[in-house]
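Undergrad: Build the 3D model from these lines:
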Amino acid sequence: MANRFHRKRVSPKEINSYIATISRNFYSKQENNIYEDINFIRRVFYSVAQIFPPIDEQTNSRDIPRKFMELTIIILLLVYEVADLQGIFEWIRVVPLGLIFSSLVTSFTSTIVRVCLIKNRKLLMTTIENLLRLSKCNPRKRQKDKLDLMIGFSLCFIIPVGFLLSTANLCTPGLESVLEDYVQNNCFGWSSENKWVNCFIQFTMDTLVLNQQYTLPGFVIVLCCYMFSLLKRGVETFKHLTRRQQDFETFFDSYLKYSEQIYSCVSQIEDSISFLLLILFGFMTFSIFTVSTFLITVNYKKITVIVAIPQVISAIFMIMGFYTASLRAVAINRSAIKIKEYIHGAVAASKSSDHSQQVLLLAMANNFPSKVVITSWKLFVLKRNFIWGTLSGLFTYGVILSQLGQS
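TA: So this is what the prediction gives:
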């Protein structure tokens, strides 16, 4: 009976093999979670653009139809924007040049954003992949991130729907001549004698174009906010990694490895979305200027409420997008400042006799926040003063417009 309960002694080799198996399984599960999150983003983007194809569809034979579709959409957008450009130039003697420039920027943003995404899509997906590894998200945070993404992506459709209500209003009796003018403006002077044909053409064009002009940039803004959240979470991981470390040399080595990963991710973000951020911030700023100018200077006695509603919705969501993206970017730098302060406290409490190494670590920590910042193509550094500067600019512009409206 004694042999029945006898257990064989486990050798160190078997223990190491068992630990290695557990590590491989954990790493494999983590990688699967990362690719699930990336594929989720790819699938959501299919509603506006097939910019991020699945990994198993990146062969040349399957890539040709997608590239042809992308090229076709870009050409159609350019045709629409050229037609829009003709209408804009007719306003030169009537409308201020600043407003015309704002209209030009908002009109061509969708094409520029689409081309930038096509050019940088591989780097963008690699950056998100590395950020997911760095942030070490648990299942609960991953589910919350997906929910936040779904809410953000869904909100991006509200502006186009608001403008489509205005388009549908053109199909009501008594507005046939206005509808015909819109169709002629979009179709280079052509329009149908049938009202419902014109209505169908205008509604179809607006559905396709508004999806690209507002929904696609909105999706990219939501994606940028998601990347900023992942980087902020990654910056904050240093405290959790070193909380129980007592040895100063181990702490020093951990910081070197950690800072190298953070700098690499910041560099990848700069390479993948820095120019996009410049375009998107310009798009949102000029959209706010254009809409606010319209809302303050328009004669409300001559327009219906349904014309003003989309403009109000657009202004609200543009301001929300602008400051949400700005605050998420600024939060990264604030987290980096907290890490610097944490390192200062750890060095002060350290009992290490290697003072030269302590001084070196403090010097590196002091430079850490200045390197962990998000920029818009190196032209604007997204720190706290950027938010206050834009707020004061928008407030000043609003005061000037209100005075012009009263006069």
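Undergrad: Please count neighbours and contacts with C-alpha atoms only from this point.
TA: Will do.
Undergrad: for the biggest helix by length in the chain, packing partners?
TA: Counting by DSSP state H, the longest helix found in the chain is helix 248-297. Contact analysis of helix 248-297 by 3 or more CA pairs under 8 Å, 6 or more residues apart in numbering; DSSP states H and E lists helix 97-135, helix 216-242, helix 305-349, helix 355-371, strand 375-376, helix 384-406 as its packing neighbours.
Undergrad: quick check: angle from that helix to helix 216-242?
TA: 160 degrees (axes from the mean of the first three to the mean of the last three CA atoms, to 10 degrees).
Undergrad: and helix 248-297, how far out from the chain's middle?
TA: Averaging C-alpha positions (CA atoms, centre = their mean, to the nearest Å) puts helix 248-297 9 Å from its chain's average.
Undergrad: average pLDDT for it?
TA: Confidence over helix 248-297, taken as the mean pLDDT, stands at 91.
Undergrad: Then stretch 66-76?
TA: Rounded mean pLDDT across stretch 66-76 is 81.
Undergrad: where does this protein have low pLDDT?
TA: By pLDDT under 70, the weakly predicted segments of the chain are 1-28, 53-63, 87-88, 92-99, 397-407.
Undergrad: run the last query once more with 50
TA: Applying pLDDT under 50 to the chain flags the ranges 1-7, 18, 22-23, 25-26, 406-407.
Undergrad: those helices in the stretch 51-200 of the chain, which residues are they?
TA: Listed in chain order, the helices of the stretch 51-200 of the chain (DSSP state H, counting those that start in this stretch) span 60-89, 97-135, 139-155, 158-169, 176-186, 195-210.
Undergrad: and the fifth one with helix 195-210, angle?
TA: It stands for helix 176-186. Put simply, helix 176-186 runs at 50 degrees to helix 195-210, going by the same axes, to 10 degrees.
Undergrad: And for the fourth one?
TA: With the same axes, to 10 degrees as the basis, helix 158-169 and helix 195-210 are set at 170 degrees to each other.
Undergrad: any residues touching helix 158-169, and which ones?
TA: Residues outside helix 158-169 that contact it (CA atoms under 8 Å, 6 or more residues apart in numbering) are 199, 202-203, 206-207, 210-211, 214-215, 306-307, 309-311, 313-314, 317.
Undergrad: Could you rerun that using 7 Å?
TA: With CA atoms under 7 Å, 6 or more residues apart in numbering as the test, helix 158-169 has contacts from 203, 210-211, 214, 306-307, 310, 313-314.
Undergrad: closest one to Asn186 among the helices and strands packed on helix 248-297?
TA: When the helices and strands packed on helix 248-297 are compared by CA to CA, helix 97-135 sits nearest Asn186, at 13.1 Å.
Undergrad: List the buried residues of the closest one.
TA: By 16 or more other CA atoms under 10 Å, the buried positions in helix 97-135 come out as 99-100, 102-118, 121, 123-135.
Undergrad: Now do that helix: which elements does it pack against?
TA: Applying 3 or more CA pairs under 7 Å, 6 or more residues apart in numbering; DSSP states H and E, one finds that helix 97-135 makes contact with helix 60-89, helix 216-242, helix 248-297.
Undergrad: Let's have the helices of the stretch 51-200 of the chain in JSON lines, adding distance to Gly321.
TA: What follows is those, written out as JSON lines (distance: least, CA to CA, whole Å):
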{"stretch": "helix 60-89", "distance to Gly321": "23"}
{"stretch": "helix 97-135", "distance to Gly321": "15"}
{"stretch": "helix 139-155", "distance to Gly321": "10"}
{"stretch": "helix 158-169", "distance to Gly321": "12"}
{"stretch": "helix 176-186", "distance to Gly321": "29"}
{"stretch": "helix 195-210", "distance to Gly321": "17"}
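Undergrad: between these, which one is nearest to Val291?
TA: With CA to CA, the closest approach to Val291 among the helices of the stretch 51-200 of the chain belongs to helix 97-135: 9.7 Å.
Undergrad: angle of the closest one against helix 248-297?
TA: 150 degrees.
Undergrad: count of neighbours near Lys189?
TA: Actually, residue 189 is Gly. It isn't Lys. If you count neighbours by other CA atoms under 10 Å, Gly189 ends up with 12.
Undergrad: Report how many residues lie close to the closest residue to it other than its chain neighbours.
TA: Nearest residue to Gly189 in three dimensions, chain neighbours excluded: Val183, at 7.7 Å (CA to CA, 6 or more residues apart in numbering). Counted with other CA under 10 Å, residues neighbouring Val183 total 22.
Undergrad: Report the separation between Val183 and Tyr80.
TA: 11 Å (CA to CA, to the nearest Å).
Undergrad: do Tyr258 as well
TA: Noted for Tyr258: a distance of 48 Å to Tyr80, by CA to CA.
Undergrad: Also Leu362?
TA: Separation of Leu362 from Tyr80 (CA to CA): 56 Å.
Undergrad: re the thing from before, just send the contacts of helix 158-169 back as CSV, with distance to Val222 too.
TA: Formatted as CSV, those follow (distance: CA to CA, whole Å):
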residue, distance to Val222
Phe203, 27
Leu210, 17
Asn211, 15
Tyr214, 12
Ile306, 27
Val307, 27
Pro310, 21
Ile313, 17
Ser314, 16
